[in-house]
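Novice: got a predicted model here, sequence first, then my questions.
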Amino acid sequence: MKAAEKLRKLRKELNDIVVERETQIDAMLAALIAGVHILLLGPPGTAKSMLANLLCASIEGTNFFQWLLSKFSTPEELFGPISMSGLKKDQYTRVTTGKMPEAHISFLDEIFKANSAILNSLLTLINERKFHNNGKPVDVPLLMCVGASNELPQGEELGALYDRFLLRFWTDYIENDDVFIDLVDPNGNVGKGKPETAMTLDEIEELRKALSTIKVPRDILENIREINRDLKNSGIVASDRRWKAAVHTLRAFALLDGRNEVTGEDLERLADMMWDRPENKRKILEILAPYGNPLNLKASEYLDAAQEIFNNWNKDKADDSDDAKALQANGMLKEILKKIDADLDGRPDSMTRKLRQTREAVAKMREQVVSSIDL
């Protein structure tokens, strides 16, 4: 499928521009095709709005709406001012030109600052793709809403809005030193330009229709049923509506990877759809591991361990015992690499993608440590 090939090419180009955001880029593309919404949590300056803007710029004929919400935000800011000429005719009509009701992709920063004056209209627009103007429901072209916040929602009144975002991610600052250098290098290309691949709205619609051809095998559905039970037993409960949307979105991830069916590899994606608190994600991954690819959980554990070793060395490397600490960190990272190599041995590429990515990251950490040792 030509459109799917372009989608994967766009994915690569976005990763070349916005570094250390592979998971979020995959999720944003899958959300676009599945017609669901994505929430990016984390501090300012972590490329959240940049991603949404670049994606919209890569789809011809789309309108992009971006707004920073505050507790004082008014309906006019999001939905447009009241038409003065309409009032003369006893019509309460908003002029929506350039506002959210006419956007294909919307980015709402500090979304949980939304107040009661705009909340109901916002929920209807996001969930039903309708905007009530002068009492009449009007269909809106919204493909996807990207929400951003540096904190979780506070208060029950925001629970419904929070629930509308199927995919949730915590986005932090760049951790890899080499990647950071590439980002701040004035002569580099990271963080600059925009993707060359341009898709059309017709191609997006073609991909959406193609989702119905992506199979969800019976054994995968049975595994999802068991995962739901396991999560409930651990106190993590999601609505039936959320589960239905999640399975639909797994099809989009399969399509993005060039597969015609959902596999166990995709089940790990559920961890980004089922948590309500960031600390729940690790527990969800542990529950998912036996049903999906257990190597992915091991890859996460290896990366966490290596990052801790590297961070400790990086923090203390100015001490007098610099070389001794570097040698110790080198030995520990080398041991992690040996374990990764043992797990990689004899296993097909389809099972080891994340493990190979982890190996590359750990190897780069070790290179930095070794280069600091005075031989």
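Specialist: Received the coordinates, thanks.
Novice: who touches residue 51 in this structure?
Specialist: 14, 18, 21, 24-25, 28, 40, 146 (Cβ atoms under 8 Å, 6 or more residues apart in numbering). Backbone N, C-alpha and C define where each C-beta goes, glycine included.
Novice: which one of these sits closest to residue 334?
Specialist: Using Cβ to Cβ, residue 21 comes nearest to residue 334 of these, at 28.6 Å.
Novice: ok, then the element right after the helix or strand of the chain at the bottom of the mean pLDDT ranking?
Specialist: Lowest by mean pLDDT, DSSP states H and E among the helices and strands of the chain is helix 177-184, with a mean of 68. For helix 177-184, the following helix or strand on the C-terminal side (DSSP states H and E) is strand 199-200.
Novice: hmm, back to that, in strands only, show me the contacts of residue 51.
Specialist: The strands, defined by DSSP state E, take in 40, 146 from the contacts of residue 51.
Novice: residue 271 reaches residue 281, doesn't it?
Specialist: Yes. When contacts are counted by Cβ atoms under 8 Å, residue 271 is listed as touching residue 281 (5.4 Å).
Novice: just the helices in the stretch 1-150 of the chain please.
Specialist: 2-17, 22-34, 48-57, 75-79, 84-88, 116-128 (DSSP state H, counting those that start in this stretch).
Novice: how about residues contacting the second one?
Specialist: Think helix 22-34. Residues from elsewhere that reach helix 22-34 (Cβ under 8 Å, 6+ apart): 7, 10-11, 14-15, 18, 37-38, 40, 51-52, 55, 105, 143-144, 146, 166-167, 169, 171, 204, 207-208, 211, 245, 248-249, 251-253, 255-256, 269, 272, 357.
Novice: show the buried residues in those.
Specialist: Buried by 16 or more other Cβ atoms under 10 Å: 7, 10-11, 14, 18, 37-38, 40, 51-52, 55, 105, 143-144, 146, 166-167, 169, 171, 204, 207-208, 211, 245, 248-249, 251-253, 255-256, 269, 272, out of these.
Novice: what stretches of the chain score poorly on pLDDT?
Specialist: Scanning the chain for pLDDT under 70 picks out the ranges 1, 86-88, 90, 176, 178-180, 182-185, 187-192, 317-322, 350, 374-375.
Novice: show me it divided up by domain.
Specialist: Annotated domains of the chain cover 2-201, 214-288, 294-371 [automatic domain parsing].
Novice: just checking the distance from the first one to the centre of its chain.
Specialist: Average the C-alpha atoms of domain 2-201, do the same for its chain, and the two points are 12 Å apart (Cα atoms, centre = their mean, to the nearest Å).
Novice: tally of neighbours for residue 235?
Specialist: By other Cβ atoms under 10 Å, 8 other residues sit near residue 235.
Novice: do the same with residue 260
Specialist: Per other Cβ under 10 Å, the neighbour tally for residue 260 reads 11.
Novice: so it sits right up against residue 213, yeah?
Specialist: Yes. The criterion here is Cβ under 8 Å, and residue 260 meets it with residue 213 at 6.9 Å.
Novice: for residue 138, what are its contacts?
Specialist: Contacts of residue 138 (Cβ under 8 Å, 6+ apart): 101, 130-132.
Novice: if you could redo that for residue 143, that was the one I meant.
Specialist: Contacts of residue 143 by Cβ under 8 Å, 6+ apart are 32, 35, 62, 104-105, 204.
Novice: repeat the analysis, applying 10 Å as the threshold.
Specialist: Taking Cβ atoms under 10 Å, 6 or more residues apart in numbering as the criterion, residue 143 is in contact with 31-33, 35, 37, 55-56, 59, 62, 103-106, 129, 201, 204-205, 208.
Novice: nearest spatial neighbour of it, chain-adjacent residues omitted?
Specialist: Spatially, and ignoring its direct neighbours in sequence, residue 143 is nearest to residue 104 (4.9 Å; Cβ to Cβ, 6 or more residues apart in numbering).
Novice: surely that neighbour and residue 142 touch.
Specialist: Yes. At 6.6 Å, residue 104 and residue 142 qualify as touching, with contact defined as Cβ atoms under 10 Å.
Novice: show me which of those two is the more surrounded one.
Specialist: Between residue 104 and residue 142, counting by other Cβ under 10 Å, residue 142 is the more crowded of the two (23 against 19).
Novice: do you know how far the closest residue to that one other than its chain neighbours is from residue 40?
Specialist: Computed as Cβ to Cβ, 6+ apart, the closest residue to residue 142 that is not its neighbour in sequence is residue 129, at 5.4 Å. Distance from residue 129 to residue 40, counting by Cβ to Cβ, to the nearest Å: 21 Å.
Novice: likewise residue 30?
Specialist: Going from residue 30 to residue 40 by Cβ to Cβ gives 14 Å.
Novice: likewise residue 141?
Specialist: Distance from residue 141 to residue 40, by Cβ to Cβ: 22 Å.
Novice: same deal with residue 332?
Specialist: Counting by Cβ to Cβ, the gap from residue 332 to residue 40 is 33 Å.
Novice: for residue 163, same thing?
Specialist: 16 Å.
Novice: same check on residue 34?
Specialist: 17 Å.
Novice: the spatially closest residue to residue 55 that is not a sequence neighbour: neighbour count?
Specialist: Take residue 55 and drop its neighbours on the chain: the residue closest to it by Cβ to Cβ, 6+ apart is residue 28, 6.0 Å away. Residue 28: 23 surrounding residues under other Cβ under 10 Å.
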